[in-house]
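In: Have a look; sequence and predicted model below, questions after that.
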Amino acid sequence: MRIGVVTFPGSLDDRDAARAVRLAGAEAVSLWHGDADLHGVDAVVLPGGFSYGDYLRCGAIARFAPVMGPLVDAANGGLPVLGICNGFQVLCESHLLPGALVRNDHRTFVCRDQPLSIERTDTPWTSAYAPGERVVVPLKNGEGGFVADERTLDELEGEGRVVARYVGKNPNGSYRAIAGISNAAGNVVGLMPHPEHAIEPLFGPDPRSGTGGLDGLRFFTSVVEGLVSA
Amino acid sequence: MGRVVVEVMLKPEILDPQGQAVLNALPRLGFDGFSLVRQGKRFELSVDGEVTDEVLARVREAAATLLSNPVIEDVVAVERVG
Amino acid sequence: MQQALVTADIEQPWAALGLKPDEYQRIREILGRRPTSSELAMYSVMWSEHCSYKSSKVHLRQFGEKTTDAMREKLMVGIGENAGVVDIGDGWAVTFKVESHNHPSYVEPYQGAATGVGGIVRDIMSMGARPIAILDPLRFGAIDHPDTRRVLPGIVAGVGGYGNCLGLPNIGGEVVFDPCYQGNPLVNALCVGSMRHEDIHLANATGAGNLVILFGAKTGGDGIGGVSVLASETFESTGPSKRPAVQVGDPFAEKVLIECCLDLFAAKVVEGIQDLGGAGLSCATSELASNGDGGMHVWLDRVPLRDITLSPEEILMSESQERMMAVVRPDQLDAFMAITDRWAVEATVVGEVTTTGRLVIEWRGETVVDVPPRTVAHDGPVYDRPMQRPATLDALQADAPTSDRLARPTTGEQLRATLLQLAGSPNLCSRAWVTDQYDRYVMGNTALSMPDDAGVVRVDETTGRGVAISTDCNSRFAALDPYAGAQLALAEAYRNVATAGATPLAVTDCLNFGSPEDPGVMWQFAQAVTGIADGCLQLGVPVTGGNVSLYNQTGTTAIYPTPVVGVLGVMDDVTRRTPSGWREAGQVVYLVGTTRDELGGSSWADVVHGHLGGLPPRVDLEAERVLAEILVACSRDGMVDAAHDLSDGGLATALAESCLRYGVGVRVWLDELCERDGIDPFLALFSESTARVIASVPRSEEVRFTDVCTARGVAHLRIGVVDEAAEPALDVQGLFTLPLAELRATHDATLPAAFA
């Protein structure tokens, strides 16, 4: 089981994502933004950070990195892809996912332990959660407000493509409190919060929350178990 | 209703990381031949009624004190439109 | 150079560059001629207060003199390098340092704070380390002053914007408000980095024929003269209109530079390395050359420029950010360049190491600098400035907050109201509005961060070995007695690190003071340095480096002496760290330490009465040392589940914070404490006596815990029990009950109301 983690210049949570992949029982394969292929990996994580400084627009320059060509093709062919935070932004800029992520409505960066409800559990990244399960995962972003036009939002809701929603106070002004979505096929998931920061006891959110602060790990075990049984 | 457009640019000597990033990305997409990119800000201020010289003067003052940071930015245009 | 000989008597602008007449004369004596304009530029920035420590050097020597061999045992690199390096065991080393960026942050808050973070991170990189965390002690004027509103949001966004984009967790720091910082905010930034012992690098240019490579961003007109003009001159009360050129930071470029440097170190292609910070190329070339064994020749026209109109003087003084300089063997040049290419980092050979013993800089075929490098970098002027204990100090110290001078609350209702007033006051309220703008999770190694006593990060993923850091300073104490105030800052940071469960190991300090030309300020400075040096000697922890920031004043009014002290400790396994909040109902809450009538400089006197006078709490470093031993043992052996140090706002504030951490209440009784220490409930709750903590002890560990305290002869008393009621509350029996919901509402409201 080999899961690729892409490093763009300015990626920050790439090593964290690789750690999560390892703790979930898979081999983490480091993919470089300049790579021409995906080294035959079974799934890909686009990690958080500030690729290319997030200049111009978040994810706008990363979208054109050489590795993104084969990645987009593979994603359209069904390869499981998880974009976290900046990775979500890259997926939106690449049009693998609809909508866009804009500056938080309160205009400041926010880092907090965020309650979420997992609304779609038939994606390769969320199959280990129970529908409607409430989890706590760190959220940290300056431009995490999910926006799309009404038609797209209705479509996402209608097709059950809202993967995760914020519970309680909306932390960034996302429309309909959307924290994560998937493509129509479900293999490509974008998520604003950071599950890779809730995978080890005492290095994540308040250990009294959810599964002892480990609520993020199942995003990674989901895909590993799915690939093993496939 | 009248409108005033204000354009603010980083002073030429100030580093513009955003423009630099765009400049580096352009040739990767085949847009060759550009030697410099600098990114600025555009503001549109609407007023009820006409844009008089007095309104323009007030916009100029607002542009110099609030819309721009004179330490690092220049107001390059204050124009009446529409 | 030729020109300098021909026109030997031409009038030079040395005064405008901040040089004194005798300093200019000394340059002429060193060179045996008048300096060229480039040389003058170099000497003027390098001999500025900021770079040369000319007023502080005579006092700072104490840090070295008062370090014993035993204290040096874990010290791998001491004062004088870019940052000190400490051995934390298992072949790991950490380097850490705190620096100021006060004046630039007043001029342009966002960029000033951002480049402050950038600068200290490059210091850590230049030791060969991977930066692993930052902390930022910040100080502002009164919370409701317009200038605070102008600078705070930008400074916080700048610290966050730069640090978050670098991918460094921000794990602590301070946010303090006091009118003395109006018009002169303090922006200090601390960075810690980790490395294997064999990876330590130094700023040396050795080996004739080796190449000098400048890499990173291009050089522009950023902050030209910033060092001498910005950092060494008092601000007049002209406000923000005095705005010289500021540096602009590009955190993305720095992030790439970090990864690039780590790859260069890993490939072992770097002989010596130096970051470019204050004084830019002037500093980097002269320091590398004078720390080496020969000289250096630099072709200045090879420096890649962002602005081609820059003169050689300006190139030498430019403070453009995100640049580094490396010394590389010629046979490793290709390997070096392959790595910088991979990261798309521009790298240029700008010079080479020579045997001449001189730093020679050439510009378009002409020699513009030819100097002995030590005279620029290290042999600057040293002043033993006059000192005078301020005449006003006696009256200040005599104005003690006695009960007849300041009315004290007595009834339960009054004590409850006082606690609530303190909990919502600017300096004790929740810092979440600020700290939530910082990424504390990135890297996945953060075991504790705000609002716990210390930040704790894992260094070794296999063993869990890691470090804890805290920075502290109560400048009100330092205003009352700078010697004691500095030791109290040290004691608090030391205690915080131990409270988190780490063994304190080393110290860094950022000494923020007013004008050294004021004998009163100079006396305060000398007292504070002596206090820290004596304190470190007594505690057995060495000062490994730091920074001095002088001229922090508006007009003739200096800030309170503000010696910010950072203490670093080590833990074998960070998962044993002790958080500040209790979680388990039924656990017993102990108060360790003795409480006296000590309210001079206290939060109570400040918040309730606006009073500053008397003497600060008594310093007892031996008690601190023993207390730290107990706390470390408790963490290691699992004897306490939570612990929190008592400082600003006393026991009342500590109880409130430990309750709010996880939203779990406590029932407290004070009768026994009052009887034992001969105090009343008000003093029990609000006195700021030192060497005290509260600890939450599982009942199964109670005997072991009390044995440990008894064995060391430390006063300890059961004062409460953790109580998870349906409606959690802080209940002080016989006096008052404060529901946590009400406490939290007050605690959380203050900063958003002022700045959101």
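Out: Thanks, I have the structure now.
In: contacts, neighbours, all on C-alpha from now
Out: Fine.
In: In contact with the closest residue to B:Leu67 other than its chain neighbours: list those residues for me.
Out: Among residues not flanking B:Leu67 along the chain, B:Val8 sits closest, at 7.7 Å (C-alpha to C-alpha, 6 or more residues apart in numbering or on different chains). By C-alpha atoms under 8 Å, 6 or more residues apart in numbering or on different chains, the residues touching B:Val8 are B:40-42, B:67-68, B:73-77.
In: Mind pulling the model confidence for B:Val8?
Out: Looking at B:Val8, its pLDDT stands at 94.
In: Report the secondary structure state of C:Val537.
Out: Let me fix one detail, which is that residue C:537 is Leu and not Val. helix (DSSP: H, G, I helix; E, B strand; the rest coil).
In: Out of the contacts of B:Val8, which comes closest to chain A?
Out: Closest approach between these and chain A, by C-alpha to the nearest C-alpha: B:Gly40, at 10.9 Å.
In: Surely the closest one touches B:Pro12?
Out: No - in this structure, B:Gly40 is not within contact of B:Pro12 by C-alpha atoms under 8 Å, at 11.2 Å.
In: Comparing the two, which shows the higher neighbour count?
Out: B:Gly40 (17 against 14; other C-alpha atoms under 10 Å in any protein chain shown).
In: how close does that one get to B:Val76?
Out: Between B:Gly40 and B:Val76 the distance is 10 Å, computed by C-alpha to C-alpha, to the nearest Å.
In: ok, back up a step: tell me which helix or strand the residue nearest to B:Leu67 sits in.
Out: Using DSSP states H and E, B:Val8 sits within strand B:2-10.
In: May I see the buried residues of that strand?
Out: For strand B:2-10, burial by neighbour count (16 or more other C-alpha atoms under 10 Å in any protein chain shown) applies to B:3-10.
In: Make CSV out of these and add distance to C:Met76.
Out: Formatted as CSV, the buried residues of strand B:2-10 follow (distance: C-alpha to C-alpha, whole Å):
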residue, distance to C:Met76
B:Arg3, 65
B:Val4, 62
B:Val5, 60
B:Val6, 56
B:Glu7, 54
B:Val8, 50
B:Met9, 48
B:Leu10, 45
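In: Which residues belonging to the lowest-mean-pLDDT helix or strand in chain B are considered buried?
Out: Least confident helix or strand of chain B, by mean pLDDT, DSSP states H and E, is helix B:17-28 with a mean of 86. Of the residues in helix B:17-28, B:17-26 count as buried by neighbour count, 16+ other C-alpha under 10 Å.
In: again with stretch A:56-70
Out: A:56-69.
In: Of these, which fall within the contact range of chain B?
Out: A:56, A:61, A:64 (C-alpha under 8 Å from any C-alpha of the partner chain).
In: ok, whatever residue of chain B ends up closest to chain A to A:Phe50 distance?
Out: Residue nearest to chain A within chain B (C-alpha to the nearest C-alpha): B:Gln18, separated by 4.8 Å. Going from B:Gln18 to A:Phe50 by C-alpha to C-alpha gives 12 Å.
In: residues in contact with the spatially closest residue to C:Thr411 that is not a sequence neighbour?
Out: Nearest residue to C:Thr411 in three dimensions, chain neighbours excluded: C:Leu735, at 7.1 Å (C-alpha to C-alpha, 6+ apart). Contacts were defined as C-alpha under 8 Å, 6+ apart; by that measure C:Leu735 touches C:411-413, C:415.
In: how far does the strand or helix carrying C:Gln414 sit from the chain's center?
Out: C:Gln414 belongs to helix C:412-423 when assigned by DSSP H and E. When distances are taken as C-alpha atoms, centre = their mean, to the nearest Å, helix C:412-423 is centred 33 Å away from the chain's centroid.
In: Pick out whichever of the buried residues of strand B:2-10 sits closest to chain C.
Out: Nearest to chain C out of the buried residues of strand B:2-10 is B:Leu10 (C-alpha to the nearest C-alpha; 10.7 Å).
In: and the longest helix for chain A?
Out: Counting residues, the longest helix found in chain A (DSSP state H) is helix A:217-229.
In: Do a quick rundown of the strands in the stretch 401-550 of chain C.
Out: Applying DSSP state E, counting those that start in this stretch to the stretch 401-550 of chain C gives strands spanning C:446-448, C:455-458, C:466-472, C:503-512, C:543-549.
In: do chain A as well
Out: For chain A, the strands defined by DSSP state E cover A:2-7, A:27-32, A:43-46, A:81-84, A:100-102, A:110-118, A:133-141, A:145-147, A:162-166, A:178-182, A:188-191.
In: Of all those strands, which one is nearest C:Leu135?
Out: Minimum separation from C:Leu135 across these (C-alpha to C-alpha) falls at strand A:110-118, 15.6 Å.
In: what's that closest one packed up against?
Out: strand A:133-141, strand A:162-166 (3 or more C-alpha pairs under 8 Å, 6 or more residues apart in numbering or on different chains; DSSP states H and E).
In: Tell me the residues of the stretch 301-450 of chain C that contact chain A?
Out: C:343, C:436-447.
In: That should have said chain B, apologies.
Out: By C-alpha under 8 Å from any C-alpha, the residues of chain B that approach chain A are B:17-19, B:21-22, B:25, B:28-29.
In: any idea which residue sits dead centre in the chain?
Out: I went with chain A, as the question did not name one. By C-alpha atoms, centre = their mean, chain A has its centre lying nearest to A:Ile84, at 2.8 Å.
In: To clarify, I was referring to chain C.
Out: C:Val98 (3.4 Å).
In: Kindly tell me how buried residue 26 is, as a neighbour count.
Out: I'll assume chain A. Residues lying near A:Ala26 (other C-alpha under 10 Å) number 19.
In: My question was about chain C, not that one.
Out: Neighbour tally, C:Arg26, other C-alpha under 10 Å: 14.
In: And C:Pro728, by the same measure?
Out: 21.
In: Buried residues, the helix holding C:Gln414. List them.
Out: Neighbour counts over helix C:412-423 (16+ other C-alpha under 10 Å) mark C:412, C:415-416, C:418-423 as buried.
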